[in-house]
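Chemist: model the following, please.
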Amino acid sequence: MSTRHSLLFLVISYLGSVSLCHAMTPNSSIESMRDIAMKSGDAFAQYYVGMKYLKGEIVTKDPKEAFQWLKLAADKNHVKAQYELAKLYLDDKVVTKNIPEAITLFTYAAKKDIVDAQYYLGKLYLHSKGHSNLSLAQQWLEKAADQEHGSAQFELANMYINAQGVNKDLSRGKDLLVAATENGHPQAQKELNKLLIKIGNPANENKTTVAGTEKKKSPTTKAFAKNNTSTTAQNPEISMRQRLINGANAGNVDAQYFLGTELLKGSALFKKDPIKASEWLRQAAEQGHAGAQHKLGIIYRGGMGLPKSESEAIKWLRLAAGWGVMEAQRDLDQLLTKQLVKPESGLTKLAEKGESNAQYQLGMRYVNGEGISKDPQKAVSWFKKAAEQNNPQAQYQLGKMYKEGIGVNPDPKQAKHWLFKAANGGVTNANHLLRAFLDTKTLKSTPKPSKGMGAAELPQRKAAERGDTDAQYQLGIMYLNGDQVRQDPIEAIKWLSLAARSKHMLASITLGDIYYQGDALQEDYSEAAKWYKIAAVQGDQKAQYVLGNMYKNGLGVDRSTSNAVKWLRKAAAQGHKKAQREIGGCVFC
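Modeler: Prediction:
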């Protein structure tokens, strides 16, 4: 169970203790979160408070206070806190600069696929005196570059161009600079222009022909070249400009694209000229250059250098999107939405490619009838696709629709399942709806608490709040069974999770049972497997047996005969009868 999950329980508990008729102010919100962070030691709460101080949201900006909270969360292995803390260790205005500690923390975060951490780590290994390691620099920059991190692509390109720890590879460097330019790196285009010159006349190695015939220069091309040929050997910038023009004139598609881009915005080499820019971009676009097609679509959309034409804009944006340029697909969708001509079509392409946010947005359009007819059934279908990819907003909408029976038959178990996941993903409205749902659907039929002291006065609660794991386990069981308190599965899981994270074996087994059996909540085999494994590692034979069968049947984990045998043998060795029979009967033969 994630730290965000545990924070959910703490926040729900807090919300349950205040009147729903009174809205929380920002100050009371941060104070309550500070209280949670201090009392429970919850890592996500500590990270939340730290980030508020770091950004100056709700509270006065205080990086030093942020550092203290983020360090508490990082020490509990909160990966985002580790990343933010690493950056603070590089800022000597906050703390004494500590590059080794920053590298350690960035490494933790990078191994958890935090792409910015991978970039920072690669950059530190590349540039930091006393900490240089070109092999590790390449390794981490490659990982970040593969995830379309423009700055990582730029740094890695320079490694290949300058042979820093890798074999010199100008072609690879060029490809990376093209990618970095597409991803918005401010210096990548300029460096790419230089590289095209460095390689030599681009036309010599990448001459483009159309239908087997060399492309002829248009009159505008000749006129443009004539106006930009005041070249001298003493002025390298003029020489660079001329060589770029020569490459474009010779039909090199990259030279045409970058020349058009330089003219479109203006630069030290070329005066801004949208008309000539559009001519060069059109030549590159007609040869299939996706970036040029995208820019040409933008030009037609805004009427920069060409007459405004939404039909032409759609044509070129569709071509670029067809090459997988996601920005072009988004621009296309915005244009279609504005036009109200099948406004869902752009989103549909993204959604059908599996983009969860597009699936969620498309679902919302079917819910609200934005440019299309309302269709709750289609909305449910798209929400489900996004929800299964862990999109919290889609999980919330899907849970709400299952609860209210909109577009689908009412299903309390499914409603509870998706609302719980959405709340765990940080959707505040899901917290409230889940609490209200449980109050009306689950808790009305539970036994009333026995008369006597209130829940806050129970000795187990006071000890649990002090961090006593046995008390946390006992309090969780009390809430689970409605013993001396009102039965509340959410509160139960909160306390059981706190105990389990402190290696309380019985708490881990109980959580595994809750998620496996699906009595208090919708069954969740992946969560069950996680908690059973914690108990199994601690040596509990029941957890080992159940985990072995989960591996055997592929419940919540990938099916694995070797892991199934491993855990069943461990359980059998401790005298678990069923495990002994299954191993003795060679169920895997």
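Chemist: need the residues that contact stretch 286-294.
Modeler: 178, 181-182, 208, 210, 215, 251, 253-254, 256-257, 260, 281-282, 284-285, 316-317, 319-320, 323-325, 327-328, 331 (Cβ atoms under 8 Å, 6 or more residues apart in numbering). C-betas here are computed from N, CA, C, even on glycine.
Chemist: try it again at 10 Å.
Modeler: Stretch 286-294 is contacted by residues 178, 181-182, 208-210, 215, 251-254, 256-258, 260-261, 280-285, 295-296, 315-325, 327-329, 331-332 when judged by Cβ atoms under 10 Å, 6 or more residues apart in numbering.
Chemist: can you select the buried ones from those residues in PyMOL?
Modeler: Restricted to buried positions by 16 or more other Cβ atoms under 10 Å, the PyMOL selection for those reads:
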select buried, resi 178+181+182+208+215+251+252+253+254+256+257+258+260+261+280+281+282+283+284+285+295+296+316+317+318+319+320+321+325+327+328+329+331+332
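Chemist: in helices, which of the contacts of stretch 286-294 appear?
Modeler: Residues of those located in helices (DSSP state H): 178, 181-182, 253-254, 256-258, 260-261, 280-285, 295-296, 315-322, 327-329, 331-332.
Chemist: and stretch 147-156, what's its mean pLDDT?
Modeler: Over the span of stretch 147-156, the pLDDT mean works out to 89.
Chemist: ok now it, how far from the chain's centre?
Modeler: Here stretch 147-156 shows a centroid-to-chain-centroid distance of 17 Å under the convention Cα atoms, centre = their mean, to the nearest Å.
Chemist: export that stretch as CSV, just CAs?
Modeler: In CSV, the C-alpha atoms belonging to stretch 147-156 read as follows (Å, rounded to 0.1, in the frame of the first residue of the first chain):
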residue,chain,number,x,y,z
GLN,A,147,11.5,9.2,-22.2
GLU,A,148,11.6,12.3,-24.4
HIS,A,149,13.5,14.5,-21.9
GLY,A,150,14.7,17.4,-24.1
SER,A,151,17.6,18.5,-21.8
ALA,A,152,18.8,14.9,-21.5
GLN,A,153,18.7,14.5,-25.3
PHE,A,154,20.7,17.8,-25.6
GLU,A,155,23.4,16.7,-23.1
LEU,A,156,23.7,13.2,-24.7
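Chemist: in that stretch, what's buried?
Modeler: Buried residues in stretch 147-156 (16+ other Cβ under 10 Å): 149-156.
Chemist: could you do stretch 283-301 as well?
Modeler: Here stretch 283-301 shows 283-287, 289-301 as buried, counting by 16+ other Cβ under 10 Å.
Chemist: burial count for G405?
Modeler: 12 (other Cβ atoms under 10 Å).
Chemist: what's the answer for F106, then?
Modeler: Here the number of neighbours of F106 (other Cβ under 10 Å) works out to 29.
Chemist: output the contacting helices and strands for the helix or strand I534 falls within.
Modeler: Assigned by DSSP states H and E, I534 belongs to helix 525-537. Judged by 3 or more Cβ pairs under 10 Å, 6 or more residues apart in numbering; DSSP states H and E, helix 525-537 is in contact with helix 489-501, helix 505-517, helix 541-553, helix 561-573.
Chemist: check these for me and report the most buried one.
Modeler: helix 489-501 (a mean of 25; mean count of other Cβ atoms under 10 Å).
Chemist: how much does that one deviate in direction from helix 525-537?
Modeler: With axes from the mean of the first three to the mean of the last three Cα atoms, to 10 degrees defining the directions, helix 489-501 sits at 40 degrees from helix 525-537.
Chemist: now helix 489-501: average pLDDT?
Modeler: 85.
Chemist: so which elements touch the helix or strand harbouring S171?
Modeler: Following DSSP H and E, one finds S171 within helix 170-182. If you count contacts as 3+ Cβ pairs under 10 Å, 6+ apart, helix 170-182 packs onto helix 134-146, helix 150-162, helix 188-199, helix 253-265, helix 290-302.
Chemist: quick one: closest of these to I372.
Modeler: For I372, the closest of those is helix 290-302, at 22.2 Å, according to Cβ to Cβ.
Chemist: thinking again about what came up before, which parts of the helix holding I534 are buried?
Modeler: For helix 525-537, by 16+ other Cβ under 10 Å, it's 525, 527-537.
Chemist: ok now that helix, how far from the chain's centre?
Modeler: For helix 525-537, the distance to the chain centre is 25 Å (Cα atoms, centre = their mean).
Chemist: that one vs helix 561-573, what angle?
Modeler: Going by the same axes, to 10 degrees, helix 525-537 is angled at 50 degrees with respect to helix 561-573.
Chemist: okay, the buried residues of helix 525-537 in CSV with distance to R501 next?
Modeler: Output for the buried residues of helix 525-537, formatted as CSV (distance: Cβ to Cβ, whole Å):
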residue, distance to R501
Y525, 20
E527, 14
A528, 16
A529, 16
K530, 11
W531, 10
Y532, 15
K533, 14
I534, 9
A535, 13
A536, 16
V537, 14
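Chemist: would you format those residues as CSV with pLDDT and distance to A188 included?
Modeler: Below are the buried residues of helix 525-537 laid out as CSV (pLDDT from 0 to 100; distance: Cβ to Cβ, whole Å):
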residue, pLDDT, distance to A188
Y525, 86, 46
E527, 87, 43
A528, 89, 47
A529, 92, 44
K530, 91, 42
W531, 90, 47
Y532, 91, 49
K533, 92, 45
I534, 90, 46
A535, 89, 51
A536, 90, 50
V537, 90, 47
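Chemist: for those residues, which one is nearest Q393?
Modeler: E527 (20.9 Å).
Chemist: separation between Q118 and E355?
Modeler: 22 Å (Cβ to Cβ, to the nearest Å).
Chemist: looking at these two, which has the bigger crowd around it?
Modeler: Q118 (27 against 21).
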